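**Student:** just need the structure, nothing else, for what follows:
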Amino acid sequence: MDINSLLNISSPAITEAAKNATVSRVKEGDESFSSLFQSALSNINETNTLLNQQEEEEIKFALGITDNTHDLSIAMAKAQTALSYTVALRDKFIESYQQIMQIQV
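**Tutor:** Numbering: from 1, shown residues only. A predicted model of the protein is given here:
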């Protein structure tokens, strides 16, 4: 999905960022379970990486290796955002699973 069509934004920077986005996209004709599962695993791996980076920054700050609170706060914000997104996806997957299980055959 093109971000320009959603927000009617014609900025070259946003257009370029949308083209270079690292998020794996599901093609419209290829909505198989494996592609959705791979996308979810990619999201979990990225969230785990951000959480590890946050922990490293916290340890550096606690040990006095660095006194840069800016890097610490950025790492914390990124990790919190990624974790919130991952939890929201998990909740949607569980909700979908429960709805499928309620279907009577």
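**Student:** pull out the buried residues from the longest helix seen in the chain.
**Tutor:** Ranked by residue count, the top helix of the chain under DSSP state H comes out as helix 69-101. For helix 69-101, a neighbour-count test (16 or more other Cβ atoms under 10 Å) marks 72, 75-76, 78-79, 82, 86 as buried. No exception for glycine: its C-beta is placed from N, CA and C like everyone else's.
**Student:** let me know whether residue 86 touches residue 44 as I believe.
**Tutor:** Yes - Residue 86 is in contact with residue 44 according to Cβ atoms under 8 Å; the separation is 6.3 Å.
**Student:** give me the neighbour count for residue 41.
**Tutor:** By other Cβ atoms under 10 Å, the residues close to residue 41 number 11.
**Student:** what helix or strand is it located in?
**Tutor:** Following DSSP states H and E, one finds residue 41 within helix 33-63.
**Student:** rebuild the buried residues of helix 69-101 as TSV, extending it with distance to residue 48 and pLDDT.
**Tutor:** Rendered in TSV, the data for these read as follows (distance: Cβ to Cβ, whole Å; pLDDT from 0 to 100):
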residue	distance to residue 48	pLDDT
72	19	92
75	14	93
76	15	95
78	12	94
79	10	94
82	9	93
86	9	91
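**Student:** let me know the closest of the residues you listed to residue 34.
**Tutor:** Nearest to residue 34 out of those is residue 86 (Cβ to Cβ; 19.5 Å).
**Student:** that concludes my questions; thank you for your assistance.
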